[in-house]
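Sharing a sequence plus its predicted fold:
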Amino acid sequence: MLLPTLNEEATIGKLIQEFKEEGFNNIVVIDGNSTDRTREIALSEGSEVILQEGKGKGQALQQAFLIIDNEYIIMADGDGTYLPSDIHNILSPLVEDEADHVIGNRFADYEKGAFTKLNLIGNRLINWLFGLAYGEWLSDILSGYRGFTKEAIKSFDLNKTGFEIESEITIESVKKDFRIVEVPITYLSRDSSAATKLNPLRDGFKIGATIYKLAKVHNPMFYFGIIGSIFLFCGVIAGFFVITEWLRGVTRELMTILTAILILSGFQFLIFGFISDLIVSLHKDTVRSVRKMIKEK
C-alpha cells in the first residue's frame, strides 16, 4: 500500500488505521517534506516512511516505484478522500488476472461537495481529450486510487513530477498495451483542516498539455492534425479576406502569399500526421506480435 503525503496530519493516522483494519499492514508513506506531524503520526501507526528526495506528487511516485517490489501495488492519496474499504475493489481484478492497471472511478459514487462545478467540468474535458487522443474512453483518468501489477510498475517510463502523473501513468498503460479496468469507488469530501494542493486552472492546463504532447508518439494524427487544422483555418480566413479585397479591386500580394503558405503548411502537417500514424500502427502491431511470441514461449 502506497500513500504519497504532504502535510496530511489531519487524516493520515486514521487512514493508516483503517487500511490495517481491512487487512493491509504493509503500508509505505512517501512524504514530500511535510512541515507538520505527518511523518511522526505515520511512524507511530506502524507504517514505513520514506522522505521524498524532490518535489511534487509525480516525483514522489517515481521514487516509490523504484523502491517497492511487491507483486501488487495499491496507491491512494493521504488526504482521506478515499475509503480504505474500497481497496478490495481495486485489488480484485489484479489478483484474478483481469487487469494490469486498475483505476478507481470516483464519479461512480461521490459525496456532495467532493467536487466543485469547475472540478467536474475540468475532469470531463480532460477525460474527453484523453479518449480522443488515445482511443481509450475512461471515466476518471485523474483518480488517485489505483492498483498495479509489478510488471506494469517496472515498465512505466515516467517523467512528470506534478499532478500530471496520473494522466502520464494512464498514457503509459495504453502505450504499453496493459489491460486497464475501472472499478466503482466512493469519493469523500476533503477534511476541512486539510487544504488542497491542486490548482484547478493551472494544474488542469498542465494535465491537458501533457495529454496532448504525449500523443505525438501514440496518436500522431491527432497531434499533427490539430496543428494542421489550425494552419488551414487561418489560411481560409486569410484567403477569404484576400478574395473579398480582390472583388473590391484591391490586390493584397503579401496576404496572398501568407494564405498560400498557411494552407500548404496545414496540408503538410496533415500528411505528416497520416504517415506517422501508419508508422506507429505498424510499430504497435510488431510489439504485440513480439509479446505474444514471448508469452507463448
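Structure received.

Please verify my assumption that residue 46 contacts residue 25.
Yes: counting by Cβ atoms under 8 Å, residue 25 is a contact partner of residue 46 at 7.4 Å. Bear in mind the C-beta positions are built from the backbone N, C-alpha and C, glycine included.

The residue of the chain most remote from its centre: what secondary structure?
Centroid-distance maximum for the chain: residue 249 at 54.1 Å, with Cα atoms, centre = their mean. Of the three states, residue 249 takes coil according to DSSP: H, G, I helix; E, B strand; the rest coil.

Alpha carbons of stretch 29-45, as PDB, please.
The C-alpha trace of stretch 29-45 is given here as PDB (Å, rounded to 0.1, in the frame of the first residue of the first chain):
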ATOM      1  CA  VAL A  29       4.100   6.500   3.200                       C
ATOM      2  CA  ILE A  30       6.300   8.600   0.900                       C
ATOM      3  CA  ASP A  31       6.300  12.100   2.400                       C
ATOM      4  CA  GLY A  32       7.100  15.300   0.400                       C
ATOM      5  CA  ASN A  33       8.900  17.000   3.300                       C
ATOM      6  CA  SER A  34       5.800  17.900   5.300                       C
ATOM      7  CA  THR A  35       6.100  20.700   7.800                       C
ATOM      8  CA  ASP A  36       3.500  19.300  10.100                       C
ATOM      9  CA  ARG A  37       3.400  16.000  12.100                       C
ATOM     10  CA  THR A  38       2.600  13.800   9.100                       C
ATOM     11  CA  ARG A  39       5.700  11.600   9.300                       C
ATOM     12  CA  GLU A  40       5.600  11.300  13.100                       C
ATOM     13  CA  ILE A  41       2.000  10.100  13.000                       C
ATOM     14  CA  ALA A  42       2.600   7.700  10.100                       C
ATOM     15  CA  LEU A  43       5.600   6.200  12.000                       C
ATOM     16  CA  SER A  44       3.500   5.900  15.200                       C
ATOM     17  CA  GLU A  45       0.900   4.000  13.300                       C
END
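
longest strand in the chain, by residue count?
Longest strand in the chain by number of residues, with DSSP state E as the criterion: strand 101-110.
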